[in-house]
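Student: Sequence first, then the predicted structure:
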There are 2 protein chains.
Amino acid sequence: MSRQAPTLEDVARVAGVSRATVSRVINGVRNVDPGIQEVVRRAVERTGYAPNRAARSLVTRRSQTVALIVSGAGDTPGEERNAFTARVFADPFFGRVVSGVVGYLRPRSMHPLLMFAESAETRSQVLADLRQGSADGALVVSTHADDPLPALLADAGVPAVLFARPSRPVGLSYVDLAHREGARLAAEHLLDRGCRRIVTVTGPLGVAASQDRLAGFRDTMARRGHPYVPVAEGGFTLDSGMAAMSGLLADHPDLDGVFAANDLMAQGVCQLLRERGRAVPDDVAVVGFDDSSVAVTCRPPLTTVRQPVEEMAAAMAALLDEHVRGVRTEPTSMVFDPELVLRASA
Amino acid sequence: MSRQAPTLEDVARVAGVSRATVSRVINGVRNVDPGIQEVVRRAVERTGYAPNRAARSLVTRRSQTVALIVSGAGDTPGEERNAFTARVFADPFFGRVVSGVVGYLRPRSMHPLLMFAESAETRSQVLADLRQGSADGALVVSTHADDPLPALLADAGVPAVLFARPSRPVGLSYVDLAHREGARLAAEHLLDRGCRRIVTVTGPLGVAASQDRLAGFRDTMARRGHPYVPVAEGGFTLDSGMAAMSGLLADHPDLDGVFAANDLMAQGVCQLLRERGRAVPDDVAVVGFDDSSVAVTCRPPLTTVRQPVEEMAAAMAALLDEHVRGVRTEPTSMVFDPELVLRASA
DNA sequence: ACGGCCGGGGAGAGCGCTCTATCCCGCGGC
DNA sequence: GCCGCGGGATAGAGCGCTCTCCCCGGCCGT
């Protein structure tokens, strides 16, 4: 950075070999005489050589970078970037995604390029950047079901992998959770512990995951003799959880069990119940979903359905890598199993 | 991505001009005949041309990318990446940094490359990546005072800007907050509202910001006739806030005001006080620091010292940009003013 | 009327790397 | 003793872009 950085040519001169040989040693390709290898390695050391990424990218057509895109529907009119990013990061979920992705990328000396696509304008920006080769592919986390980005990426031929199954089929791989199964675990736990007047706070029903959790919950409840479950829709935020709970409590003052579709809302549910003088779990049992950090910090700590987000994110990165390398050409899917984590709230 | 992407040459052929002219039109450099500009623009449209980033980087020696590095001290033995990233993202603070940085970068069609440097090994990895030109410069957010990364970056000649003044001087620009001033606002508010037995929960004292907040708080208290303020050290987490408060309450059962060095700890303080049967703010007034999202979701909502993190982060990016472009060569500093935000807790 | 100047366009030399084609040299087979 | 062979190294052609130099032609001043 300071003075002129050494190039392959410089190293070759110092080592007394050709540029090509140095390149081969560095990339560990083909047979090179061990003696020469050593000489080259020493020359690299002495010159402080670091390969130029741009030059390498130019010829290999790989940037060793993947875009990590957080994508909204673009139908939240007037929501600004600040509000959007604030909302995204307020949920501990996204941090776990980053953690998992980085876990896969780093050993391969790759890095995630952070992008936000919450409006039509930023969406085409992102698309343009990708077509320029800023990244070899994209990992997409949508916050809305009808996110147009996946289809756009597929059309543009950009390798991409999604977190969660898209609402409309699109030729891209995705990882997902067996949401119905998770909801079943929650329902059975509440029933098994003796709850009889059980309600649920769902996520935004525009999101497929919310629908699946609701469906799974209803199925299990019905199978166990509870044909009608009171439902209130939330927005995956703490406030929305409180609001939903407030409504449910008004209509069903005798409720004794709640399934909230994520931990943040479960926390809201707990707060509201306490404000209304109900003890958790003694008066009302509460089960959350995700097993995020708030599940631990919440009072009481939440019994919740664990979603292995880090593993899922790592799998997403691995899948993308396969697509980029051309090892895998057809889209596929990986569905992970949830797990019930018992704590104090139910 | 699918078939061969069009190059400048292709566009030039379609437009019937030379490669150089197309380049000039695209980069808006020098005067080009308006008629020809139009022809070129149409050719770009028709061919669906997108400039190749690697090729451009190779010659301009700019990647249009900046590294956003979250850096630990490396002296948290055995802490794994997952734990580290989880801790980082658990604090809403980091999300605000990202938001501010993206706010500056995006209009310039740049993106942040996310990196973590929590150990010696990952630190040298990051350094190597930077020397390869993966990014034009680095934005560093340290979680520890004695983070060695800034010095390493300075030595390597990598343009970098820090969030917060480093503990030892190093030739890098930084943005920071007038922490003492913020603490003064908190102290005065508690005193003005009539609190007389005031205590404080500090951040980890290895962090300069924590020290400054404590010093500022003590100064103001002393100036107003309170020579000794009970202090407990926390770790900027909710749990540590609860633990610290528990200790303070045992030693000073008659306390009536608390200044917590960040909102997460203030939330912990509120939770503990409630568990111990103290009403906030009637029995005990609580003031936080940051004005992060938890300040709003906390019950009661927190009166807190606002830190304009987004603005600071944007300024950090702007400063780095100046350094990279060579507009600014000498390191500088920008110190922002805090502001008291009144809510229910005090 | 002529030379200089200037706006607008083109030719071509790289940027630092990878990779194919090629070459060199020692060795075994006939 | 000659040919073929193959491991091990080199030469050199790009990858797609930017940018410096140069050229051309019209307009001004004298």
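Tutor: Arrived safely.

Student: Report the central residue of chain A.
Tutor: By C-alpha atoms, centre = their mean, chain A has its centre lying nearest to A:Val97, at 3.9 Å.

Student: That residue: helix or strand, and which one exactly?
Tutor: Assigned by DSSP states H and E, A:Val97 falls within helix A:92-105.

Student: In terms of secondary structure, what does that helix contact?
Tutor: Contact partners of helix A:92-105 among helices and strands, from 3 or more C-beta pairs under 8 Å, 6 or more residues apart in numbering or on different chains; DSSP states H and E: strand A:65-71, strand A:111-117, strand A:137-142, helix A:309-325, helix B:81-90, strand B:111-117. From N, CA and C alone the C-beta is placed, and that goes for glycine too.

Student: quick one: contacts of stretch A:190-203?
Tutor: A:187, A:209-210, A:213-214, A:217, A:221, A:224, A:226, A:229-236, A:241, A:244-245, A:248, A:252, A:254-262, A:265-266, A:269, A:285, A:287, A:346 (C-beta atoms under 8 Å, 6 or more residues apart in numbering or on different chains).

Student: cool, stretch A:171-180 as well?
Tutor: So stretch A:171-180 is contacted by A:150, A:153-154, A:160-166, A:209, A:212-213, A:215-216, A:219, A:307-308, A:312-313, A:315-316, A:319-320, A:323, A:328, A:331-338 (C-beta under 8 Å, 6+ apart).

Student: Smallest gap between the stretch 101-250 of chain A and DNA strand C, at which residue?
Tutor: Across the stretch 101-250 of chain A, the shortest distance to DNA strand C (C-beta to the nearest atom of the strand) belongs to A:Ser109, at 13.0 Å.

Student: List the residues that contact the nearest residue to the residue nearest to the centre of chain A once chain neighbours are set aside.
Tutor: Distance criterion C-beta to C-beta, 6 or more residues apart in numbering or on different chains; nearest residue to A:Val97, sequence neighbours excluded, is A:Ala313 at 4.5 Å. Counting by C-beta under 8 Å, 6+ apart, A:Ala313 makes contact with A:96-101, A:103-104, A:139, A:163, A:175.

Student: ok, A:Ala313 to A:Ala164 distance?
Tutor: Note on A:Ala313: its distance to A:Ala164, by C-beta to C-beta, to the nearest Å, is 12 Å.

Student: Over to A:Ala266?
Tutor: Taking C-beta to C-beta, one finds A:Ala266 at 20 Å from A:Ala164.

Student: Those two - which one has more neighbours?
Tutor: Using other C-beta atoms under 10 Å in any protein chain shown as the criterion, A:Ala266 and A:Ala164 rank with A:Ala266 on top: 33 against 20.

Student: dump the residue contacts of that one.
Tutor: A:Ala266 touches A:201, A:241, A:258, A:260, A:286-289, A:295, A:298, A:302, A:304, A:345, counting by C-beta under 8 Å, 6+ apart.

Student: Just the buried subset of those residues, written out for PyMOL, thanks.
Tutor: Per 16 or more other C-beta atoms under 10 Å in any protein chain shown, the buried members of the contacts of A:Ala266 correspond to this PyMOL selection:
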select buried, chain A and resi 201+241+258+260+286+287+288+289+295+298+302+304+345
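
Student: Buried among the contacts of stretch A:190-203? Make that a PyMOL selection.
Tutor: In PyMOL, this line selects whichever of the contacts of stretch A:190-203 come out buried by 16+ other C-beta under 10 Å:
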select buried, chain A and resi 187+209+210+213+214+217+221+226+229+232+233+234+235+236+241+244+245+248+255+256+257+258+259+260+261+262+265+266+269+285+287+346
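
Student: Quick check: residues of the stretch 1-150 of chain A near DNA strand D?
Tutor: Residues of the stretch 1-150 of chain A lying near DNA strand D by C-beta under 7 Å from any atom of the strand: A:17-21, A:24, A:31-33, A:36, A:55, A:58-59.

Student: and if we set it to 6 Å?
Tutor: A:17-21, A:31-33, A:36, A:58-59 (C-beta under 6 Å from any atom of the strand).

Student: Where helices are concerned, which of those count?
Tutor: A:19-21, A:36, A:58-59 (DSSP state H).

Student: What ranges does chain A have for its helices?
Tutor: Under DSSP H, chain A gives helices at A:8-15, A:19-27, A:34-47, A:53-60, A:81-90, A:92-105, A:120-131, A:149-156, A:179-192, A:208-223, A:238-251, A:263-275, A:293-297, A:309-325.

Student: and these, which one's lowest on average pLDDT?
Tutor: Here these differ in mean pLDDT, and the lowest is helix A:81-90 at a mean of 75.
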